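K.L.:
3D model of this:
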Amino acid sequence: MATSSNQPQFRIVPRLTRRDLLIGMAAAGGVAALTTLGYRALLTQDDETTDEAVPFFGIHQAGIITPAPAAALIVAFDVTARNKSELVQLFKGLSDRIEKLTQGWAPPADDPKFPPPDSGVLGTKVFPDNLTMTVAVGSSLFDKRYELEKLKPKHLQPMPNYPNDQPDPELLHGDLLIQFCSNTAETNIHALRDILKNFPSLVAIRWKIEGFLPPHTLKKLGKDTVRNLLGFKDGTANLNATDANLMDRIVWMQQNSEEPAWTVGGSYQVVRVIRNLVERWDRTPLGEQEKIIGRDKKTGAPLGMQQEHDIPNYEQDPKGKQFPLDAHIRLANPRKSELGLILRRGFNYSRGVSKSGQLDMGLLFVCFQSDLEKGFMTVQERLNGEPLEEYIKPLGGGFFFALPGVTDKRKYLGQALLEASA
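P.N.:
This next block holds a predicted model:
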């Protein structure tokens, strides 16, 4: 359950209605205000949200620094395109479908002689519902099938098997990953079915998992922090996603890096399906739970401190009397440098009951960074062997690279990659 951040704290901004957004735009001067305020208005949990859309076009894909809504669906695919020409067809088609689905559209009239143009899950109109669909590629896509071998991002690789992992082969890796996020599970399911309907010969599902966040907490943005299924506040010290300079430094791939030129504007994405052994955890004394995590369970404050967002000073506690040396938050982020910084975007998950009759639920961990080794892999190495491992079991996921965004209608996802291989 890797976590990390530096001194800048992630402050989730208060909810804004469409009226607030328009007033803010007028006060701040139009387009610039839209960029700043638009994302802040995305998580209103009232009747207006079904018609609210996250912009599709931009130098970065949506769904990375966009505030996380209540429902997520992560799906890994095997790409079955027979050649590079069909791969181009896939990415052009995905760009078109994602634009329609995230912005809303009215399907054409039904013809009884043909399959309906839409599944009908959302009714006669496909509303945007703050849907984002973030497309990433795995290392296996860069093989001889499509002549992409020399263009693979420097650190992209199959996710290794870490010491505490219990990998499920049916829940690992993939050529392609799509992260669906919206206000409701129905919107995510509708979007997935649309992709499967339109590209049956080009992709096949490898694995999928659904995630959720508590809507009652999301309604109190800026006042409360989401709790994970261990009962602790999760993401207190996440990076400030509204800090553009910080995001450029930690999350977005920049020009003149050691990476292939096509990666600029993208980001490495890590997905980890981490089962929580909740039955064992719930029988563990509260004091031990708090020492394992390093925070007060009720308030979220670092041990011995008063407020959730208080910053622990580990240098004044070299022997771990206040903050145990092996506490999760201390290992994940020693607060000595920017090494190990990541932008988290996690969700809870519940998949039913295991074969042994225990609850199969936990953390759907997702993070983004411009350097996989300096980011997640550094954090995970710090966490190997931590006391929390007794209560968690990572089952699957993978390493991926989230593609740069699409800047206008004339372009498509992955275009720079596919044209570089020509």
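K.L.:
buried residues, the helix or strand encompassing Leu418. List them.
P.N.:
If you go by DSSP states H and E, Leu418 is part of helix 415-420. Neighbour counts using 16 or more other CB atoms under 10 Å place 415-418 of helix 415-420 among the buried residues. Any C-beta I mention is one placed from the backbone N, CA and C, and that applies to glycine too.
K.L.:
where does the prediction get shaky in the protein?
P.N.:
1-48, 216-224 (pLDDT under 70).
K.L.:
strands along that one, start to end?
P.N.:
All strands of the chain, identified by DSSP state E, fall at 71-79, 132-138, 176-182, 203-212, 267-276, 343-344, 347-353, 359-369, 392-402.
K.L.:
tabulate these (TSV), appending distance to Ala244.
P.N.:
Listed next are the strands of the chain as TSV, based on distance: least, CB to CB, whole Å:
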stretch	distance to Ala244
strand 71-79	24
strand 132-138	19
strand 176-182	21
strand 203-212	27
strand 267-276	14
strand 343-344	13
strand 347-353	25
strand 359-369	15
strand 392-402	17
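K.L.:
for Gly104, find the nearest of those strands.
P.N.:
Closest approach to Gly104 among the strands of the chain is made by strand 176-182 (11.7 Å; CB to CB).
K.L.:
can you get me a residue count around the nearest residue to Thr184 once chain neighbours are set aside?
P.N.:
Leaving aside its chain neighbours, Thr184 sits nearest to Ala71 (5.5 Å; criterion: CB to CB, 6 or more residues apart in numbering). Ala71 sits with 24 neighbouring residues when counted by other CB atoms under 10 Å.
K.L.:
measure Ala71 to Gly385 for me?
P.N.:
Between Ala71 and Gly385 the computed distance is 34 Å (CB to CB, to the nearest Å).
K.L.:
what bridges to Ile74?
P.N.:
Counting by DSSP bridges, Ile74 forms beta bridges with Gln179, Ile209.
K.L.:
enumerate every residue touching it.
P.N.:
The contact partners of Ile74, taken as CB atoms under 8 Å, 6 or more residues apart in numbering, are 177-180, 208-211, 271, 364, 366.
K.L.:
helices along this protein, start to end?
P.N.:
18-28, 31-40, 84-103, 185-198, 215-218, 244-250, 278-282, 286-293, 328-332, 378-383, 415-420 (DSSP state H).
K.L.:
make TSV out of these and add distance to Gly300.
P.N.:
Below are those laid out as TSV (distance: least, CB to CB, whole Å):
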stretch	distance to Gly300
helix 18-28	27
helix 31-40	22
helix 84-103	33
helix 185-198	27
helix 215-218	12
helix 244-250	22
helix 278-282	17
helix 286-293	10
helix 328-332	10
helix 378-383	20
helix 415-420	41
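K.L.:
deepest in the core, which of those helices is it.
P.N.:
helix 328-332 (a mean of 23; mean count of other CB atoms under 10 Å).
K.L.:
could you dump that helix to CSV, C-alpha only?
P.N.:
Taking Å, rounded to 0.1, in the frame of the first residue of the first chain, the C-alpha atoms of helix 328-332 are listed here in CSV:
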residue,chain,number,x,y,z
HIS,A,328,3.8,2.9,7.1
ILE,A,329,3.8,6.7,6.7
ARG,A,330,7.4,7.1,7.9
LEU,A,331,8.7,4.4,5.6
ALA,A,332,6.7,5.6,2.6
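K.L.:
which elements pack onto it?
P.N.:
helix 286-293, helix 378-383 (3 or more CB pairs under 8 Å, 6 or more residues apart in numbering; DSSP states H and E).
K.L.:
between those, which gets nearest to Ala332?
P.N.:
Nearest to Ala332 among those is helix 378-383 (5.6 Å), distances taken as CB to CB.
K.L.:
tell me which strands and helices the closest one is in contact with?
P.N.:
helix 328-332.
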